[in-house]
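Trainee: How does the following fold in three dimensions:
(one chain, ligands or ions: 2)
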Amino acid sequence: MGHRVYIETYGCQMNLADSEIVLGHLGRHGFVEAGSAADADVILLNTCAIREHAEERVVGRLTQLLPLKLRDPRLRIGILGCMAQHHRASLLDRLPFLDFVLGPDEYRNLPTILDRQGFDDPTIEVRLGRDETYADVSPARREGVRAWVSVMRGCDKFCTFCIVPYVRGRERSLPLRLILDQVNEAARAGFREIVFLGQTVNAYRHDDVDFADLLRAAARVTGIARIRFTSPHPSEMSDRVIEVMATEQAVCPQVHLPLQSASDTVLERMGRGYTIEQYDRLLERLRRARPGIEFSTDIIVGFPGETESDFQATLDYLRHAGYDHAFSFAYSRREGTRAARWHETVDRAEKRRRLTTVIEVQERISLERSRAWCGRSVEVLVEGAARRGQGWLSGKSAEFKTAVFPSGRHAAGEVVRVLVRDATAHTLIGDAVEGQSPEACANA
Ligand code: SAM
Ligand code: SF4
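Mentor: Ligands and ions are numbered 1, 2, ... in the order given. Next comes the predicted model:
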């Protein structure tokens with residue numbers, strides 16, 4: 001069979017990183033990346049199962065791809081990742097033209113499956129490995145300034161709403177040495193920023209090395225200007241990690257800290273392992289340790305049993321916490337989780353109302369916080385052309401704010417000081433200022 005592979009990725013950054021691992025692994029076995037689905041011999045959809053909507057998107061996309069298969073029956077189409085693990089063989093009842101269904105710990109077998117002769121019956125491989133970390137596979141990274149490095153896989157938290165522990169298996173971490181090899185390799189390839197990934201990334205532990213040790217070691221790697229991580233779990237944020245945030249300037253002053261709800265009753269039923277007071281104290285400690293730090297979060301509305309006053313508590317907390325950004329979701333019942341056995345008390349229309357309200361409230365907060373940057377300067381790691389048109393560059397500040405400015409002589413990979421003169425809720429707009437101190441900019 002042909003060896004041109006096209007992969008589409010759905011869901012979180014861990015899936016994007018997994019797709020790079022899959023392409024890296026296939027590359028070692030002689031496969032090359034195709035530019036589009038129409039040019040491919042193999043089409044892979046790396047899928048997400050976190051919400052029903054994510055799964056519907058994949059089914060819709062597969063229906064679109066079907067004519068390609070009808071035109072060329074040698075084309076192989078396979079589903080990878082969380083949705084494959086969640087639905088397994090039942091996916092073939094719905095989508096009988098699929099050639100294979102592979103869970104997140106089965107990617108090593110892909111070259112063999114694809115090279116197998118007389119490939120008639122679909123293959124289903126969905127074992128979860130307690131040890132699989134793909135630590136030895138060099139990911140085929142997309143060009144850019146930011147390299148994603150998965151440092152742990154799986155999750156042991158079993159929040160009652162969440163499918164992740166069932167589809168990604170138990171927590172396991174990569175050895176420090178192999179992670180640092182990846183960081184060094186990325187630095188040599190020109191990446192300036194590293195993002196450590198894991199479902200509960202700060203639960204990283206390998207032998208007696210913990211997440212604080214990992215951050216400190218990575219901060220010493222020459223060529224890497226910035227280190228971020230996502231998503232940490234509030235109950236795993238140790239004093240040692242907070243200390244690293246305070247002392248290692250390469251570790252960015254930005255943390256995505258999923259809250260889910262600000263009602264203790266809801267948090268308890270979600271099995272999150274913290275109260276709102278403990279969470280709030282954590283934000284305060286991080287703010288004290290690293291002045292200027294910015295936070296983002298995840299919110300779920302309409303969880304079974306969430307009352308209007310629980311919901312109001314979440315809105316109040318958003319105003320109090322002052323997140324830079326929040327990803328908000330309507331609760332989606334996931335078969336197999338504990339919450340799936342509970343009666344849904346919030347109907348679809350009410351979930352939608354709560355979701356719209358949360359988004360509106362947070363948008364106002366985001367805009368206010370963005371505007372507060374006007375007149376100040378930020379250090380922007382330039383990523384490339386801005387979407388607003390020719391002659392503009394875009395990048396992120398250390399706090400993970402998107403900033404755009406007229407390009408001048410600057411290019412991707414540079415760190416440029418930008419004086420902010422305008423802002424939308426999610427973008428700072430400014431001009432590059434050379435040779436001026438931040439104070440001079442602020443007073444300009
Ligand atoms: N591990 C991270 C944590 O808990 O801190 C979150 C990872 S999860 C892939 C990303 C987000 O999806 C969660 O923070 C949650 O807000 C949302 N999510 C997970 N399960 C969901 C569900 N059943 N319905 C709606 N949103 C969900
Ligand atoms: Fe899901 Fe909770 Fe694990 Fe996050 S910590 S991945 S929400 S089970």
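Trainee: need the contact list for L283.
Mentor: For L283, the contact set (Cβ atoms under 8 Å, 6 or more residues apart in numbering) comprises L257, F295, A321. C-beta here means a position set from N, CA and C on the backbone, and glycine is covered the same way.
Trainee: Now do the contacts for A262.
Mentor: The neighbourhood of A262, defined by Cβ under 8 Å, 6+ apart, consists of I276, Y279, A313, T314, D316, Y317, L318.
Trainee: which ones among those residues are found in strands?
Mentor: Mapping the contacts of A262 onto strands (DSSP state E) picks out no residues; all lie outside.
Trainee: Out of the residues you listed, who's the most crowded?
Mentor: The member of the contacts of A262 surrounded by the most neighbours (other Cβ atoms under 10 Å) is T314, with 25 neighbours in all.
Trainee: Do a quick rundown of the strands in the stretch 1-150 of the chain.
Mentor: Across the stretch 1-150 of the chain, reading from the start of the chain, the strands by DSSP state E, counting those that start in this stretch fall at 4-9, 32-33, 42-47, 76-81, 100-102, 123-125, 146-150.
Trainee: name the helices or strands packed onto the last one?
Mentor: In terms of contact count using 3 or more Cβ pairs under 8 Å, 6 or more residues apart in numbering; DSSP states H and E, strand 146-150 is assigned the packing partners helix 13-28, helix 176-188, strand 193-197.
Trainee: 10 Å instead?
Mentor: Judged by 3 or more Cβ pairs under 10 Å, 6 or more residues apart in numbering; DSSP states H and E, the packing partners of strand 146-150 are helix 13-28, helix 176-188, strand 193-197, strand 226-230.
Trainee: could the ones you listed go into JSON lines alongside distance to E344 and mean pLDDT?
Mentor: Putting the helices and strands packed on strand 146-150 into JSON lines (distance: least, Cβ to Cβ, whole Å; pLDDT from 0 to 100) gives the following:
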{"stretch": "helix 13-28", "distance to E344": "27", "mean pLDDT": "96"}
{"stretch": "helix 176-188", "distance to E344": "41", "mean pLDDT": "96"}
{"stretch": "strand 193-197", "distance to E344": "32", "mean pLDDT": "98"}
{"stretch": "strand 226-230", "distance to E344": "29", "mean pLDDT": "98"}
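Trainee: Quick check: which of these is nearest to ligand 2?
Mentor: helix 13-28 (9.6 Å; Cβ to the nearest ligand atom).
Trainee: one step back: in helices, which of the contacts of A262 fall?
Mentor: Where the contacts of A262 overlap with helices, as defined by DSSP state H, the overlap consists of I276, Y279, A313, T314, D316, Y317, L318.
Trainee: ok, back up a step: which two among the contacts of A262 are spaced furthest apart?
Mentor: Distance extremes for those: the farthest pair is Y279 and D316 at 13.6 Å, using Cβ to Cβ.
Trainee: Thank you, goodbye.
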